[in-house]
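Colleague: output the structure for:
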Amino acid sequence: MRKLFQLILYRWMGWRTEMTVTLPKKYVIALAPHTSNWDFVMGQLYSRAEGFRCEFMMKKEWFFWPLGPLFRRMGGIPVERKKHTSLTDQLAELARERETFGLCVTPEGTRKPVEEWKKGFYYIAQKAGIPILLYGLDYGQRRIVCTRSIIPNGDIETQMKEIRDYFKDFKGRHPENYIP
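Modeller: Numbering: from 1, shown residues only. Here you go, the predicted structure:
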């Protein structure tokens, strides 16, 4: 199956990768810009083409029949956005307990333009003591890029600015929905 996903993503769709950061055993991926539902498809194609499984967070409204069981099987974690739960604590604990842990989060939290990014991914990585890998989806140049990782040190304002600065030159599928 991996060869099929490589064929689809790299040959038929014409995408390429630029990677200088390798996947450690435990990590959180911050994926941006997030401007389209196609970002999910691209992430799934990429992870399968490269042979790794990564859990992802998605609003609970998407977990209806028949998609719910499918998304859960693919690694989906439903998020109730209006309630403040201890999800970051639960995921950090899960990351500490497991031998391997991979979670992909879109910091924007939605496909619409937002000024303020969500910080849950940062807190999960900080509490678990694992790196945040910065993955950019660049539809303009058809590339998936990860050339930077960040170890959360608690200076969230400075590090969130570094994270947003990293993504400023990537072009989303719908650039009008992205505020770098």
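Colleague: and the lengthiest helix in the chain, how far out from the chain middle?
Modeller: Criterion DSSP state H: the longest helix present in the chain is helix 38-50. Distance, stretch centre to chain centre, for helix 38-50: 10 Å (Cα atoms, centre = their mean, to the nearest Å).
Colleague: now swap in stretch 146-153 and tell me
Modeller: Distance, centroid of stretch 146-153 to centroid of chain: 13 Å (Cα atoms, centre = their mean).
Colleague: return the set of buried residues in it.
Modeller: 146, 148-150, 152 (16 or more other Cβ atoms under 10 Å). Every C-beta, even on glycine, is put in place using the N, C-alpha and C of the backbone.
Colleague: as JSON lines, those with pLDDT would be great.
Modeller: Below are the buried residues of stretch 146-153 laid out as JSON lines (pLDDT from 0 to 100):
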{"residue": "146", "pLDDT": "98"}
{"residue": "148", "pLDDT": "97"}
{"residue": "149", "pLDDT": "97"}
{"residue": "150", "pLDDT": "97"}
{"residue": "152", "pLDDT": "97"}
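Colleague: re the thing from before, per-residue confidence averaged over the helix or strand following the longest helix of the chain?
Modeller: Next helix or strand after helix 38-50 toward the C-terminus (DSSP states H and E): strand 55-59. Averaged across strand 55-59, the pLDDT comes to 82.
Colleague: in strand 55-59, what's buried?
Modeller: 55-58.
Colleague: show me which pair in these is furthest apart.
Modeller: 55 and 58 (10.1 Å; Cβ to Cβ).
Colleague: list residues touching both of these two?
Modeller: Listed contacts common to residue 55 and residue 58 are 76-77; contacts here mean Cβ atoms under 8 Å, 6 or more residues apart in numbering.
Colleague: show the subsequent helix or strand relative to the helix or strand bottoming out on mean pLDDT in the chain.
Modeller: Taking mean pLDDT, DSSP states H and E as the measure, the chain has strand 76-79 as its least confident helix or strand, at a mean of 76. Following strand 76-79 in sequence order, the next helix or strand is helix 87-97 (DSSP H and E).
Colleague: following the chain onward from that next one, which element is next?
Modeller: strand 101-105.
Colleague: got the CA coordinates for that next one in CSV?
Modeller: The C-alpha coordinates for strand 101-105 follow below in CSV (Å, rounded to 0.1, in the frame of the first residue of the first chain):
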residue,chain,number,x,y,z
PHE,A,101,3.6,8.8,20.1
GLY,A,102,2.7,10.9,17.1
LEU,A,103,0.1,13.7,17.0
CYS,A,104,-0.7,16.1,14.2
VAL,A,105,-2.4,19.4,15.0
